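> Quick one: sequence plus predicted model below, questions after.
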Number of protein chains: 2
Amino acid sequence: MSAGSLTRGLAERIVRSEPLKDAGVAEAVRAAVLDWIASALAAASDTGAGMLLRALGIGSEGRNTGVSSVLGFRCRASAPDAALINGYLSHALDYDDVHESIRGHPSAVLMSALLAEAEERGSSGAELMAAYAVGAETMCRVGLALGNRHYEAGWHSTATLGTLGAAAACARLANLDVDATIRALGLAGTQSGGLRVHFGSPVKPLHAGIAARAGLFAARLAATGFSGAAEPLDGPIGFLSLFGGEGARPERIAEAWGQPWQIVEPGLWFKPYPCCSAAHHAADAALAIRSAREFAAEDVVRAEVVYPPGGDAALVVREPKTGAEGRFSAEYVVAAALSDGELGIGTFSERPIRADLAALAAKVSRRYDADLAPAPNAMPKGRFTVLRVELADGTTLTERVDCPRGSPGRPLSKEERAAKFADAARRMPDAWRRLPDKISRLERIENLSNFIPDI
Amino acid sequence: MSAGSLTRGLAERIVRSEPLKDAGVAEAVRAAVLDWIASALAAASDTGAGMLLRALGIGSEGRNTGVSSVLGFRCRASAPDAALINGYLSHALDYDDVHESIRGHPSAVLMSALLAEAEERGSSGAELMAAYAVGAETMCRVGLALGNRHYEAGWHSTATLGTLGAAAACARLANLDVDATIRALGLAGTQSGGLRVHFGSPVKPLHAGIAARAGLFAARLAATGFSGAAEPLDGPIGFLSLFGGEGARPERIAEAWGQPWQIVEPGLWFKPYPCCSAAHHAADAALAIRSAREFAAEDVVRAEVVYPPGGDAALVVREPKTGAEGRFSAEYVVAAALSDGELGIGTFSERPIRADLAALAAKVSRRYDADLAPAPNAMPKGRFTVLRVELADGTTLTERVDCPRGSPGRPLSKEERAAKFADAARRMPDAWRRLPDKISRLERIENLSNFIPDI
């Protein structure tokens, strides 16, 4: 039985596949690295980051406890600590990349684990890129196998899938064999956790860090020979059954692996706005309405946001008190976009929201429509948002978005992605401005130990 | 709603209750400390421990990375690392204490987190004792609230409940207020995990260490102000619903808190044999049969072990290859007890099992009987084991055990507990022999920084 177990099949793919033979993979990984660093740098002044460093006993100045970079901070830390902190930082603003099959965020977990480990090991750029691809493929394939019920039950899939993905990625980076990779997957699955009840709080991004550290630890411990169940993902009390519940299709874990690679097709989603991806449709719709016609915020009588049932599950906040809480509020995102015509890092700061935006957000309501057909290019599949804005003069402005900006069907241009990085890195030393160029040559970098510049 | 949430009610009890006013609590905690150290010391030559130290980058000789003790090893480590390693060590032989309401092991998790933190903080003995009592009460009350389905679904309750319990204990040790304790519980619940699929492997005891470290980290991070959901245990996607599923009774979380304290009544179970508690009934029965009448192992034609349905769920191994795997095999435990008349640390070593024991174990079968009534004093409730041994001369010897040695209904004597410690500590320096005396004065020790002697 063990020879044919789902766990073994997955481990074999992690060890043996050659993702860099597909040119699209390399391009996607380079884009992911750039966007991941930008997302983390943008969060360097986040309050939670300071708390996290304090709880770990890591100073933001001077005192190094390891050789791995903490993005945006002057200190270096051990690889496990760096994975934890960078995971938090890169997901703190919800500005980091998204993948439909994960219903969550791949790079916050995978890159945080991989870069920390690669800096300590002195891995090559090509090794990191291949490891990222198999880690992301693992997250996606396990996500597809678990099905929707996993997320709906209350699990934060970025964290649960991320732990397995980070273990797969770190196992690959360390050149573990199939048996050791099985051990790593088992050690990862048994550390999987993270509850959606925390959405809208700093615990959400912390999950990405915890998953990154757990996956890294799983691979390290597996490398020593430490072993668990022979088939930890299989069977009635294995990972896939326990986390999938009814509706899980465990056999999908290996279906179509790398054909195509999930980071190429459907592909990664890089965000233009630092807020929840489920609010991006409404954001685009509100910005389109705002740019199509001049009106003042006071002219809005009411606005209605229409979703397919469950399409707003991640938008758990209705009356945000701070901009940060507003990341998960359709009401706030629509209000800010209609009023200001832009959604920037300042829109979602930790400060209390402006009174005028609170007043406008109070006029926004949500509705669900099971009869509207989603577009074939909808991203994620089956989703859409219709925004209707009623003005005092009786006009109703309507905009429908199925495929938001930044998502695979409507990707950001190379220039837009470069601008996102440049904006996030604007306070960094000069060496950071050369980082995009280094990333473009990532496959040819032999040793990543000095990849991230000092601050 | 928040004022009356289950989470807040639990946090208030953790912060405000005064367990040491009950004299039985202090006695139970002292016994738990002694037994916990004995269980960890007995595992110091365990192979997995060395692997774990290697994966954490901690040498077994000389190099200290912190001030917290690693039981049985010469090094000192940071509190989080010490919690992880001691959690593993103290549960590695499955020799550590058990509690019926947890369906698992309290001290491996709680003491590992608490001692590590207390050594670093310089907490007093009384602070540690009160913190242990509220941590154990948290594990038990949450266990009762989640119900049987939690364990049956595949969760390792030592780990899932332990994470919350360790957070509660460390929050109490650090004198966190109610709001900070809520934060700690939320940070703990979202790190909860650990799958029963790993039973019979070193990942099982690792779960205790992971839970200890996670709970300690939760309390430390909560102390900085890092915050999550306001009511993380409550609601349809909160901890209790997600981990309990159908059959959970979340409201039981606060029922009868400290009345009586769960470590007093039903009380802790200290093990005489280093194997799974679910095998202790059969162990006692086999040892009784063996001492009642002389016979040779070859005289056994067959043996049958009868359980109530599900009573052997934890005994996942039928044909162990090593003594360590035999910890979770009714067949092996019965064979070793019938053949050797004792079950010691050597019985469950990591070496391949003896051929004669394998031959005898092959004659042992399991059966389930739903019609036999469990005794009122059964421990755990509803459990029993009947052992029937058929000899070549036609005799059938039968022994039934409802309440095994070491369990609350038939506790080890003070002398037996002292002997368990003395045996485990026999290779330790002299100062370790004075530890039982120090433990008997635990409430009066003002600073635990030097509590554990050097090696």
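Now that the structure is in, tell me what you want to look at.
> Could you pull out the helices in the stretch 301-450 of chain A for me?
Counting by DSSP state H, counting those that start in this stretch, residue ranges of the helices within the stretch 301-450 of chain A are A:323-326, A:330-340, A:355-361, A:414-424, A:430-433, A:435-440.
> Check the closest residue to chain B within the stretch 51-200 of chain A and give its pLDDT.
Nearest to chain B in the stretch 51-200 of chain A, going by C-beta to the nearest C-beta, is residue A:154, at a distance of 3.4 Å. Every C-beta, even on glycine, is put in place using the N, C-alpha and C of the backbone. Looking at residue A:154, its pLDDT is 96.
> Then residue A:246?
Predicted confidence (pLDDT) for residue A:246: 84.
> what residues are up against the closest residue to residue A:267 other than its chain neighbours?
Leaving aside its chain neighbours, residue A:267 sits nearest to residue A:408 (3.7 Å; criterion: C-beta to C-beta, 6 or more residues apart in numbering or on different chains). Residue A:408 sits next to A:100, A:265-269, A:379 when contact means C-beta atoms under 8 Å, 6 or more residues apart in numbering or on different chains.
> Kindly report the same for residue A:9.
If a contact means C-beta under 8 Å, 6+ apart, then residue A:9 has A:253-254 as its contacts.
> ok, now with 6 Å
residue A:254 (C-beta atoms under 6 Å, 6 or more residues apart in numbering or on different chains).
> Where does it sit, in terms of helix or strand?
helix A:6-16 (DSSP states H and E).
> following that helix, which helix or strand shows up next?
Scanning forward in sequence from helix A:6-16 by DSSP H and E, the next helix or strand is helix A:23-41.
> before we move on, back to that, out of the contacts of residue A:408, who's nearest chain B?
Among these, residue A:100 lies closest to chain B (C-beta to the nearest C-beta), at 21.4 Å.
> measure the residue nearest to that closest one when sequence neighbours are not counted to chain B for me?
Distances taken as C-beta to C-beta, 6+ apart place residue A:380 nearest to residue A:100, at 4.2 Å, with adjacent residues excluded. Note on residue A:380: its distance to chain B, by C-beta to the nearest C-beta, to the nearest Å, is 20 Å.
> next one: residue A:42
Residue A:42 is 19 Å from chain B, where distance means C-beta to the nearest C-beta.
> leaving aside the residues next to it on the chain, what's closest to that residue?
Once flanking residues are discounted, residue A:42 sits nearest to residue A:424: 4.2 Å by C-beta to C-beta, 6+ apart.
> correct me, but the one you found touches residue A:43?
No. Using C-beta atoms under 6 Å, residue A:424 makes no contact with residue A:43, being 8.7 Å away.
> Up against chain B, what does chain A have?
A:48, A:51, A:54-55, A:154, A:190-198, A:201, A:203, A:220-221, A:224-226, A:228-229, A:232, A:237-238, A:242 (C-beta under 6 Å from any C-beta of the partner chain).
> What segments of chain A are strands?
All strands of chain A, identified by DSSP state E, fall at A:68-69, A:76-77, A:300-307, A:364-368, A:385-391, A:396-401.
> So which of the residues of chain A next to chain B sit within helices?
Of the residues of chain A next to chain B, the ones assigned to helices by DSSP state H are A:48, A:51, A:54-55, A:203, A:220-221, A:242.
> Save these as CSV, and put in pLDDT too.
Putting those into CSV (pLDDT from 0 to 100) gives the following:
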residue, pLDDT
A:48, 96
A:51, 96
A:54, 93
A:55, 95
A:203, 98
A:220, 98
A:221, 98
A:242, 96
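> which of those tops the neighbour count?
Ranked by neighbour count (other C-beta atoms under 10 Å in any protein chain shown), those have residue A:203 at the top, with 29 neighbours.
> Show the contacting residues for the residue lying closest to that residue once chain neighbours are set aside.
Excluding the flanking residues, the one nearest residue A:203 by C-beta to C-beta, 6+ apart is residue B:228, at 3.5 Å. Contacts for residue B:228 were tallied using C-beta under 6 Å, 6+ apart; they are A:198, A:201, A:203, B:186.
> And the residues you listed, which is closest to residue A:310?
When the contacts of residue B:228 are ranked by distance to residue A:310 (C-beta to C-beta), residue A:198 comes first, at 19.2 Å.
> okay, now residue A:204: neighbour count?
Residue A:204 has 30 nearby residues by other C-beta under 10 Å.
> quick one, what contacts it?
Counted by C-beta under 6 Å, 6+ apart, residue A:204 has contacts residue A:198.
> please redo it, this time with the cut-off set to 7 Å
A:156, A:198 (C-beta atoms under 7 Å, 6 or more residues apart in numbering or on different chains).
> again with residue A:137
Per C-beta under 7 Å, 6+ apart, neighbours of residue A:137: A:257-258, A:261-262.
> ok now stretch A:441-448, how far from the chain's centre?
Stretch A:441-448 sits 24 Å away from the centroid of its parent chain (C-alpha atoms, centre = their mean, to the nearest Å).
> Same question for stretch A:316-329.
19 Å.
> which outside residues touch that stretch?
Under C-beta under 7 Å, 6+ apart, the answer for stretch A:316-329 is A:94, A:199-200, A:275-276, A:314-315, A:331-333, A:347-353.
> Against residue B:29, how distant is the residue in the stretch 251-400 of chain A positioned nearest to chain B?
Nearest residue of the stretch 251-400 of chain A to chain B (C-beta to the nearest C-beta) works out as residue A:316 at 9.3 Å. Note on residue A:316: its distance to residue B:29, by C-beta to C-beta, to the nearest Å, is 41 Å.
> returning to that earlier point: just the buried residues of the contacts of stretch A:316-329.
A:94, A:199-200, A:275-276, A:314-315, A:331-333, A:347-349, A:353 (16 or more other C-beta atoms under 10 Å in any protein chain shown).
> okay, now the domains of chain A?
Following automatic domain parsing, one finds the domains of chain A at A:2-270+A:416-450, A:277-401.
> quick one on the thing from earlier: ok, the residue of the stretch 251-400 of chain A closest to chain B - how many residues close by?
Using other C-beta under 10 Å, residue A:316 has 20 neighbouring residues.
> how about low-confidence regions in chain A?
By pLDDT under 70, the weakly predicted segments of chain A are A:1-3, A:59-63.
> Setting the sequence-adjacent residues aside, check what's closest to the residue most central in space within it.
Centroid-nearest residue in chain A: residue A:105, 2.0 Å away (criterion: C-alpha atoms, centre = their mean). Leaving out its chain neighbours, the residue that sits closest to residue A:105 by C-beta to C-beta, 6+ apart is residue A:158, at 4.5 Å.
> And the one you found, how far from residue A:187?
Using C-beta to C-beta, we find residue A:158 at a distance of 19 Å from residue A:187.
> same deal with residue A:203?
The gap separating residue A:203 from residue A:187 is 23 Å, by C-beta to C-beta.
> And for residue A:226?
Separation of residue A:226 from residue A:187 (C-beta to C-beta) stands at 7 Å.
> Including distance to residue B:84, could the contacts of residue B:228 go into TSV?
Listed next are the contacts of residue B:228 as TSV, based on distance: C-beta to C-beta, whole Å:
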residue	distance to residue B:84
A:198	23
A:201	26
A:203	21
B:186	21
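> wait, residue A:43 sits on residue A:91?
No. Shown here, residue A:43 and residue A:91 do not form a contact pair, counting by C-beta atoms under 7 Å, at 8.3 Å.
> Counting neighbours, go ahead and name the busier of the two.
For residue A:43 versus residue A:91, the count of surrounding residues by other C-beta under 10 Å is larger for residue A:91: 32 against 24.
> That one is in contact with residue A:108, isn't it?
Yes. Between residue A:91 and residue A:108 a contact is recorded at 3.9 Å, counting by C-beta under 7 Å.
> where do the contact lists of the two overlap?
Shared contacts of residue A:91 and residue A:108, counting by C-beta under 7 Å, 6+ apart, come down to residue A:208.
> what number of residues lie near residue A:229?
Residue A:229 - counted by other C-beta under 10 Å - has 27 other residues nearby.
> ok, now which ones touch it?
So residue A:229 contacts A:186, B:197-198, B:201 (C-beta under 7 Å, 6+ apart).
> Fine by me, thanks again.
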